[in-house]
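1. Provided below are the primary sequence and the corresponding predicted coordinates.
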Amino acid sequence: MRYLLDTDICIHVARHRPRQVLERLRSLEYGEVNISVITEFELTYGALKSADPQGKLAQVELVTRFAPPLPLDSSAVAAAARIRLELERKGLRIGAYDTLIAAQALSSGLTLVTNNVREFGRVEGLRVENWLEP
């Protein structure tokens, strides 16, 4: 199985906690885990506005080394538009970045790893796992 890590999980990885997330990552082989370029953007932005930009950027680089960013392609963009429309019709919403991340996971057949199961659970057909739960 292949996974797409959400931004919140990457922050936990960069902080080296909790242990179960790191152990789960160590059990996987290179190529089984990616992040979205949207996640890379969110991490980089957060690093640049932090009190320690250089240190935080080094953490972002570490994350992208073991979980290479996947570019957005046309199928992910189309999936994002469908997701947004379906959720709007149901009176539900999720953030724009989360819509793109969900669409990328869905269109690529990846399982999204997130602690934000409630929000991403609104996306029909999206496989979601929370590695923070014991």
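-> Perfect, I can see it now.
2. what does the one helix or strand Glu61 maps to contact?
-> Assigned by DSSP states H and E, Glu61 belongs to helix 53-66. Outside helix 53-66, the residues that touch it by Cβ atoms under 8 Å, 6 or more residues apart in numbering are 10, 13-14, 25, 30, 33, 35, 40, 43-44, 46-48, 50. All C-beta atoms are positioned from the backbone trio N, CA, C, and that covers glycine.
3. Can you show me the CA trace of the lowest-mean-pLDDT helix or strand in the chain as CSV?
-> When the helices and strands of the chain are scored by mean pLDDT, DSSP states H and E, helix 19-26 comes last with a mean of 89. Taking C-alpha atoms only, helix 19-26 is exported to CSV below (Å, rounded to 0.1, in the frame of the first residue of the first chain):
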residue,chain,number,x,y,z
ARG,A,19,6.9,7.1,18.6
GLN,A,20,4.2,5.0,16.8
VAL,A,21,4.3,7.4,13.8
LEU,A,22,8.1,7.0,13.4
GLU,A,23,7.9,3.3,13.9
ARG,A,24,5.2,3.0,11.2
LEU,A,25,7.4,5.0,8.8
ARG,A,26,10.4,2.9,9.5
